[in-house]
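**Student:** What shape does this take:
(chains A and B)
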Amino acid sequence: MIGLECHVELKTATKMFCGCKNEFGGEPNTKVCPVCLGFPGALPVPNKKAIELTIKAGLAFGSEIPRFSKFDRKNYFYPDMPKDYQISQYDMPLCKGGVVEFWLENGARGECRLTRIHLEEDTGKSTHAGSSDGRLAGSTYSLVDFNRAGVPLMECVSEPDLRTAEEAVGYLEALKRTFVQLGVSDVKMEEGSLRCDANVSIRATGSTTLGTKAEIKNMNSFKSVRLAIESEIARQIELLESGNRVTQETRGWDESSGTTHSQRSKEEAHDYRYFPDPDLVPLEFEAAWIEELRSTLPDPPFKRYVRYVDQYELPTKNAAQLVENPAWEVLLDGAVRRGVKPKSYANLLLGDVAKKQNEDGLSEPAATFTIPASSEFVKLIENGTITSKAAKEMFPRIWSGEITDPAEYVKREGLAQSSDRDEIKKFVDEVIATNADAVAEIRKGKERALQFLLGQVMKASRGKANPALVNELLREAIGSG
Amino acid sequence: MADSLIEMTAAETARKVNARERSAREIALATFERVRRTDGEVGAFLTLTEDLALAHADRVDERIAAGESLPLAGVPLAVKDNMCLRGTQTTAGSKILLGWNAPYTATAVQRILDAGAIPIGKTNLDEFAMGSSCENSALGVTRNPYDAQRVPGGSSGGSAAAVASYESTIGLGSDTGGSIREPAAFCNIVGFKPTYGRVSRYGLIAFASSLDQIGPLTRSVEDAALAYDAIAGVDPMDATSVDVPHESTATSLRQDLKGLRVGIVKEYRAKSLGPAIDEVYAKAYADLETLGAEIVEIGLPTADYGIATYYLIAPAECSSNLARFDGVRYGLRVEGNDMAETYDRTRAAGFGPEVKRRILIGTHALSSGYYDAYYLKAQKARTKIAADFENAFGACDVIAAPAAASPAFRLGAKSDPYSMYLMDYYTIPVSLAGLPSISVPCGWARPDDGAEEMPLGLQLTAPLFGERLLLGAAHAYEIATKHAKKHAPRIGVRA
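**Tutor:** Numbers count the residues shown, from 1 in each chain, chains lettered A, B, ... in the order given. From the prediction side, this is the model:
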């Protein structure tokens, strides 16, 4: 049984309780003020945008949004926590319940219940110096950077509904996709904007009681989540099979050794002395505001995935890829409404469009790339009106909006695929006559030269010659077929 | 000449400076002359800000010369040292913050400076505002200007003593359980605690966030109203500051109490403070009636639970608020072998006994297993106490009561913390309910030890946001009785 706790840094302009910029990196301690440094006398004022983003995240997973919420203080001493308490939420989180649906690489689907989503502030970051490996042990001094202190941090706590490390990763990917789509977070693990702890317990097949759990902390990539969970499950099975007990404790994940190790046991657990933060008034939400937020939410990625697979009958791999780019949804649906086969349009999106976006550094297709033009274009490819070669030539102009009526363009430019034997024969004869060397090579059995001649014929015909027919006529003329 | 300058009220000072009859600079210079002559005996100030004051005074004089009119032009201001003033040392009366220069200015301080007040210095207080005598300061002794052997009251004792001894005209204090009203009573001045949330707490070093409130200490109610008008109002930097429109109180002070229903608490009346003191309060209530007020008896059945409730909630909040003083980022640091030991040593060396006591009480009250029995129960009691007041205000407009359980006592007289806590018996329930409340001088009585008479304060309390009503009533009482003007302080004055 696996439950995950994920900390996600929210994409807001400013920090959770002050006006400092919420940006990754920068010179240490440059994005700080008396409030996020917890200076004497400074007071927190909540960031409305952060509350809104957290509620949106909850709504995307069907969480209940209680009318009332509040912030609490979680008290413990820590050198990179400015106030020595963290403003968090205890018994009245912003979002309660909900379900995260996900899919696995093999196409299997799963779901995991959410316990809650709450909002808190991030801490600063310590760097331990003077030791060879940057660890606390052996270091002679520590440096603290408070740029991250006070950044809004959303914590998603799941029920222990996950069964395998693959499911855990599937769940995390589902969270990530949704947060990116909603603009809730960048979810960059390498920048620490998504951090994850896993609670792992095992139980015998058929048993309904939960086993003793261990919490694994400190995982900073999807890969380490998978490896850590696998390693922990193996450790616990081994313990039980050798007649030992699993103890409730916090374990750290060591990337280099691929093992977990004990950090602190339940006996040393903190008493956080939660109590309502007297500097912040309780939150009360208007039902109408929540509904307004709900109405702005796009289809969640999982729903799109299911539609692509079940309704559009796309391969699961393609469906998963399409979901990654939310802007494609409108294009694909628009094209399908215009009678384009989903698979054909998906091929364009995953091929030329993805390539072009990548080249131009765009997160979504240019506005000049329209549904009517691209749909018409794909239809011309689909029904064999144009060859793939002609399509390649046309695509940049479809992209730039230069071609608004592809059918008319094909007609005007005479680009329609030609299967006229006589016409193509003329090109073939011409090419054979001017490429005697290549012809000779083909006769010696060098198939590659045939490809060269085919290319020459296509070029001469401006790409409109039916390639299959060209091939046939070439072989016929050379007599190697 | 110089004395006549510093003995003016804030209202008179501002009038003269605005009229360019006097300059802010000459008032500031006269004030510092007085402080130099007087403060060796009184000990009101921890830090003097002479350069800053003169720079401010010159700026005020320039603004006046340019045609501006400022409500507190040239008025000397003493700031309790738990409020941040950019670039000046701010200690909260604790060794743990010695040497810490605030990098920003508290909203209330900024507002009163913007109104033309001149910052004379930072005043002594019980460490982190915890105390009722000013004796818990780690940084010095402040004496009552009426009797150098006695305490000025706490925790805003420094600001109260500064105002009473004419070392300043306005003092800013903070009141958590009575820390403005009690020292005002002890020093024969006016101490006003506004409704919780009326004045921004931004820049006030927190003791108990849900109770702390900044307010003025002055020698007249009119000055309290002027100072309050300058500092009141919503602040985007304080989420608990309330956005209720503020109407000027200084322009609406009343001369009589006709039609005002004044509630006298029957539970308090049943409790004798000694015949001499009882007599003073009986006379005060009679004076209110003479002024046209109708005296009605009201009940506050949960008032007796105030102290117990307060001493769970305030320490709980302080245990959390004071966690940040850990030796990592500012103030005192006593190095240990590891982080935990550094925390322990720093806090052991930096905090005084009363602060430690309250941190321990609060940590215990919040700890798992005790939270429901202590903190949560105290919150419920607090709700009941507030409901009692609300109920009482159905029958009266303001409530009159003693401000403190006795006149100023001798330095060192209350060695047992609980007897000190009892001093705030009358002020604490009002604080728990978040109500506006004022202490005005109401007479003199001989302390138990038979020494010379010491001043007493009358506490008037109004419903939430009833500042206009409250200051108006206090003003009418003050001008009719003139208790504040009856005696001059005995130390530090006209030496």
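**Student:** From residue B:153, how far off is the residue nearest the centre of chain B?
**Tutor:** In chain B, the C-alpha nearest the mean C-alpha coordinate belongs to residue B:180, at 2.0 Å (Cα atoms, centre = their mean). Per Cβ to Cβ, to the nearest Å, residue B:180 is found 10 Å from residue B:153. Every residue, glycine included, has its C-beta placed from N, CA and C.
**Student:** ok, now residue B:460?
**Tutor:** 18 Å.
**Student:** Those two: which is more packed in?
**Tutor:** residue B:153 (35 against 29; other Cβ atoms under 10 Å in any protein chain shown).
**Student:** picking up where we left off before, let me know the pLDDT of the residue nearest to the centre of chain B.
**Tutor:** Per-residue confidence at residue B:180 stands at 98 (pLDDT).
**Student:** same question, the one 10 residues further on
**Tutor:** Per-residue confidence for residue B:190 comes out at a pLDDT of 98.
**Student:** ok so, going back, which residues does the residue nearest to the centre of chain B contact?
**Tutor:** By Cβ atoms under 8 Å, 6 or more residues apart in numbering or on different chains, residue B:180 lies in contact with B:156, B:173-174, B:191-193, B:215-217, B:439.
**Student:** how about those residues, which pair is most distant?
**Tutor:** Farthest apart among those by Cβ to Cβ are B:174 and B:439. That separation is 14.5 Å.
**Student:** Who has more neighbours out of these two?
**Tutor:** residue B:439 (34 against 27).
**Student:** can you pull the pLDDT of that one?
**Tutor:** 98.
**Student:** What is the strand or helix carrying it packed up against?
**Tutor:** Using DSSP states H and E, residue B:439 sits in strand B:437-445. If you count contacts as 3 or more Cβ pairs under 8 Å, 6 or more residues apart in numbering or on different chains; DSSP states H and E, strand B:437-445 packs onto helix B:181-186, strand B:190-193, helix B:221-231, helix B:275-290, strand B:454-461, helix B:467-481, helix B:483-486.
**Student:** What are the contacting residues of the first one?
**Tutor:** Contacts to helix B:181-186, defined as Cβ under 8 Å, 6+ apart, come from residues B:132, B:134, B:144, B:150-157, B:159-161, B:173, B:175, B:190-191, B:193, B:217, B:403-404, B:407-408, B:423-424, B:427, B:437-439, B:441, B:454-457, B:459.
**Student:** Would you show me how to pick out the buried ones of these in PyMOL?
**Tutor:** Remark: buried members of the contacts of helix B:181-186, expressed as a PyMOL selection using 16 or more other Cβ atoms under 10 Å in any protein chain shown:
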select buried, chain B and resi 132+134+144+150+151+152+153+154+155+156+157+159+160+161+173+175+190+191+193+217+403+404+407+408+423+424+427+437+438+439+441+454+455+456+457+459
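**Student:** ok, how many other residues are close to the residue nearest to residue A:121 when sequence neighbours are not counted?
**Tutor:** Take residue A:121 and drop its neighbours on the chain: the residue closest to it by Cβ to Cβ, 6 or more residues apart in numbering or on different chains is residue A:16, 4.5 Å away. Close neighbours of residue A:16, defined as other Cβ under 10 Å, add up to 28.
**Student:** likewise the one 5 residues further on?
**Tutor:** When neighbours are defined as other Cβ under 10 Å, residue A:21 has 14 of them.
**Student:** Report the beta-bridge partner residues of it.
**Tutor:** With DSSP bridges as the criterion, residue A:21 is bridged to residue A:14.
**Student:** how about it, what does it touch?
**Tutor:** Residue A:21 touches A:13-15, A:31, counting by Cβ under 8 Å, 6+ apart.
**Student:** now it: how far from residue A:441?
**Tutor:** From residue A:21 to residue A:441 the distance is 65 Å (Cβ to Cβ).
**Student:** which SSE is the residue sitting nearest the centre point of chain A in?
**Tutor:** Taking Cα atoms, centre = their mean, the centroid of chain A lies closest to residue A:177, which sits 4.1 Å from it. Using DSSP H and E, residue A:177 sits within helix A:165-182.
**Student:** Show me which residues of the stretch 1-150 of chain A sit near chain B.
**Tutor:** By the rule Cβ under 8 Å from any Cβ of the partner chain, the part of the stretch 1-150 of chain A lying against chain B is A:34-35, A:37-46, A:73, A:75, A:77, A:79, A:82-85, A:144.
**Student:** Pull out the buried residues from these.
**Tutor:** A:34-35, A:37-46, A:73, A:75, A:77, A:79, A:82-85, A:144.
**Student:** For the stretch 301-450 of chain B, which segments count as helices?
**Tutor:** Along the stretch 301-450 of chain B, counting by DSSP state H, counting those that start in this stretch, helices occupy B:306-321, B:339-350, B:353-366, B:377-392, B:417-421, B:428-432.
**Student:** Buried members of the contacts of residue A:21 into ChimeraX, please.
**Tutor:** Remark: buried members of the contacts of residue A:21, expressed as a ChimeraX selection using 16+ other Cβ under 10 Å:
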select /A:14,15,31
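**Student:** Adding distance to residue B:343, write the contacts of residue A:21 out as a markdown table.
**Tutor:** Shown next, in a markdown table, are the contacts of residue A:21 (distance: Cβ to Cβ, whole Å):
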| residue | distance to residue B:343 |
| --- | --- |
| A:13 | 35 |
| A:14 | 30 |
| A:15 | 25 |
| A:31 | 26 |
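**Student:** Which pLDDT value does the model give the residue of chain B most remote from its centre?
**Tutor:** Distance to the chain centre peaks in chain B at residue B:337, reaching 41.3 Å (criterion: Cα atoms, centre = their mean). We have a pLDDT of 91 for residue B:337.
**Student:** how far away is it from chain A?
**Tutor:** Separation of residue B:337 from chain A (Cβ to the nearest Cβ, to the nearest Å): 13 Å.
**Student:** returning to that earlier point: sheet partners, orientation included, of the next helix or strand along the chain from the helix holding residue A:177?
**Tutor:** Where DSSP H and E defines the elements, the next helix or strand beyond helix A:165-182 is strand A:194-200. Using DSSP bridges, strand A:194-200 pairs in its sheet with strand A:2-9 (antiparallel), strand A:214-219 (antiparallel).
**Student:** Please name the residues that touch residue B:423.
**Tutor:** B:132-133, B:178, B:182, B:404-406, B:414.
**Student:** In space, what's closest to it - neighbours in sequence excluded?
**Tutor:** Per Cβ to Cβ, 6+ apart, closest to residue B:423 is residue B:132, 4.3 Å.
**Student:** give me the element the one you found is part of.
**Tutor:** For residue B:132, there is no host helix or strand (DSSP H and E).
**Student:** residue contacts, it?
**Tutor:** So residue B:132 contacts B:126, B:153-155, B:178-179, B:182, B:404, B:420-421, B:423-424 (Cβ under 8 Å, 6+ apart).
**Student:** for residue A:119, same thing?
**Tutor:** Residues near residue A:119 by Cβ under 8 Å, 6+ apart: A:16, A:50-51, A:54, A:71, A:88-89, A:93-94, A:152-155.
**Student:** pLDDT of the longest helix belonging to chain B, averaged?
**Tutor:** In chain B, taking DSSP state H as the definition, the longest helix is helix B:24-42. On average, the pLDDT along helix B:24-42 is 96.
**Student:** Check whether the following helix or strand past it comes near chain A.
**Tutor:** Going down the chain from helix B:24-42, the next helix or strand is strand B:45-48, by DSSP H and E. No: judged by Cβ under 8 Å from any Cβ, strand B:45-48 stays clear of chain A, getting no closer than 15.0 Å.
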